[in-house]
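Trainee: Attaching a predicted model along with its sequence, questions to come.
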Amino acid sequence: MQTIRHVDALDSSLCGGALSIGNFDGVHRGHVEIIKQVVARAKQYGGPAIIFTFDPHPVQLLRPDQVPAPLTWTERKAAILQSHGVDVLFVYPTNASLLALSPVEFFEQIVLGRLGVRGLVEGDNFRFGNGRSGNVALLRELTAANGIDLDIVAPVQFDGSPVSSSRIRQLVAGGVVDTAGQLLTQPYRLRGTVTHGEGRGGLTGFPTANLEAIDTILPASGVYAGRGFSGGKTWAAAIHIGPNPTFSEAKGKVEVHLIGCNEFLYGSTLEVEFLTHLRDIETFADVDALCKQLALDVEKAQNIIGPDK
């Protein structure tokens, strides 16, 4: 799969395919239904299956104080899209000129002029152009007038409500990571840089990788079972998010105990996925009581994840 970030990298080989436009944050179940139709149309045309997204999120420029915390970073999004058969991810550089385009201008300059697609696939709440003033009704008119196929995909329901990125953010922020993973089609994952912590691994017997520079939404404070990924290796993990009241620490942290890991990871990127919430943050009477609970946490995490990680 190609990931294209610059308009001048487009060439004629990318024309004549099928396209969907959107943020695709998380690449959840609803997105996957759209992607399936894009891939099917692309095969029908003999052209590429293209996902067109934005970087940064348009809200970053329009209402920077209201930018939603992302569920995925671009490279992660690209990997998931590729696994579903997408040929090209076009990460369009969002700027004031793009956001100023009217719906008709956006359609003519981007959909027709830049990509020359034969088919377009969107959800029923699709909006486009300046101020999100373009809707599906207008899109039907524009595609019909230009001989482009248009498929509108109905929302995917889960437990009686539509699947959406905002719903998944609420689940993750609330610590309901198992349900969030079901809506995403795979466990929620974040990444960060491993830094030095307080050095209490020798005291407790459970060394942790402390993460900073995390660029996606954080789950609620608590202890979780999950997996860690770095340098092509995978470990089962017990993950602590939040303060450590036993040591009178009020500042929240992300600490990951990688079960059986003996690697030197300082300065490296660690990706962490969350399978389930194990317990809330607790204050223990002493270090011995904490260590006993940590041993239980690690045992539970290992049992949930299994021997094959």
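Mentor: Great, that's in hand.

Trainee: Just give the number of residues close to residue 286.
Mentor: Neighbouring residues of residue 286 were enumerated by other Cβ atoms under 10 Å; the total is 8. Quick note: C-beta positions are derived from backbone N, CA and C, even for glycine.

Trainee: Let me fix that, I meant to ask about residue 204.
Mentor: By other Cβ under 10 Å, 16 other residues sit near residue 204.

Trainee: The closest residue to residue 16 other than its chain neighbours: neighbour count?
Mentor: The shortest distance from residue 16 to any residue other than its chain neighbours is 4.0 Å, reached at residue 47 (Cβ to Cβ, 6 or more residues apart in numbering). As a burial measure, the neighbour count of residue 47 was computed by other Cβ under 10 Å and equals 21.

Trainee: Could you do the one 10 residues further on as well?
Mentor: For residue 57, the number of neighbouring residues by other Cβ under 10 Å comes to 16.

Trainee: what's near enough to touch it?
Mentor: The contact partners of residue 57, by Cβ atoms under 8 Å, 6 or more residues apart in numbering, come to 23, 67, 68, 70, 94.

Trainee: which of these has the most neighbours?
Mentor: Within those, neighbour counts (other Cβ under 10 Å) peak at residue 70, which reaches 20 neighbours.

Trainee: wait, it sits on residue 24?
Mentor: No. Counting by Cβ atoms under 8 Å, residue 24 is not a contact partner of residue 70; they are 10.8 Å apart.

Trainee: so where's the stretch 101-250 of the chain uncertain?
Mentor: Across the stretch 101-250 of the chain, the ranges flagged by pLDDT under 70 are 198-203, 248, 250.

Trainee: Let me see the ranges of the helices in it.
Mentor: Defined through DSSP state H, counting those that start in this stretch, the helices belonging to the stretch 101-250 of the chain, from first to last, are 103-106, 136-145, 165-173, 177-184, 201-204.

Trainee: Now the longest one: buried residues?
Mentor: What that stands for is helix 136-145. Burial within helix 136-145, assessed by neighbour count using 16 or more other Cβ atoms under 10 Å, is assigned to 136, 138, 139, 142, 143.

Trainee: how many neighbours does the spatially closest residue to residue 172 that is not a sequence neighbour have?
Mentor: In space, not counting the residues next to it along the chain, residue 172 is nearest to residue 180; the distance is 4.9 Å by Cβ to Cβ, 6+ apart. Residue 180 has 25 neighbouring residues, counting by other Cβ under 10 Å.

Trainee: Okay, residue 180 and residue 282: tell me how far apart.
Mentor: 23 Å (Cβ to Cβ, to the nearest Å).

Trainee: One more: residue 220?
Mentor: Using Cβ to Cβ, one gets 14 Å for the distance from residue 220 to residue 282.

Trainee: higher neighbour count, the two?
Mentor: When residue 220 and residue 282 are compared on other Cβ under 10 Å, the one with more neighbours turns out to be residue 220, at 17 against 12.

Trainee: For the nearest residue to that one once chain neighbours are set aside, give me its contacts.
Mentor: Sequence neighbours aside, residue 175 is the residue nearest to residue 220 in space, at 3.5 Å (criterion: Cβ to Cβ, 6+ apart). If a contact means Cβ under 8 Å, 6+ apart, then residue 175 has 219, 220, 221, 222, 224, 277 as its contacts.

Trainee: and if we set it to 7 Å?
Mentor: When the contact criterion is Cβ atoms under 7 Å, 6 or more residues apart in numbering, the partners of residue 175 are 219, 220, 222, 277.

Trainee: ditto for residue 66
Mentor: Residue 66 makes contact with residue 59 under the criterion Cβ under 7 Å, 6+ apart.

Trainee: The residue nearest to residue 16 is in contact with residue 17, isn't it?
Mentor: Yes. With contact taken as Cβ atoms under 7 Å, residue 47 and residue 17 are classed as touching, separated by 3.1 Å.

Trainee: what do those two both touch?
Mentor: residue 118.

Trainee: And the strands in this structure, which stretches?
Mentor: In the chain, strands defined by DSSP state E lie at 2-4, 18-21, 49-55, 88-93, 119-123, 149-153, 157-158, 161-162, 188-195, 209-212, 222-230, 233-244, 249-258, 269-279, listed in chain order.

Trainee: Tell me which of the ones you listed is the most buried.
Mentor: The highest mean neighbour count among these belongs to strand 18-21 (a mean of 26), with neighbours defined as mean count of other Cβ atoms under 10 Å.
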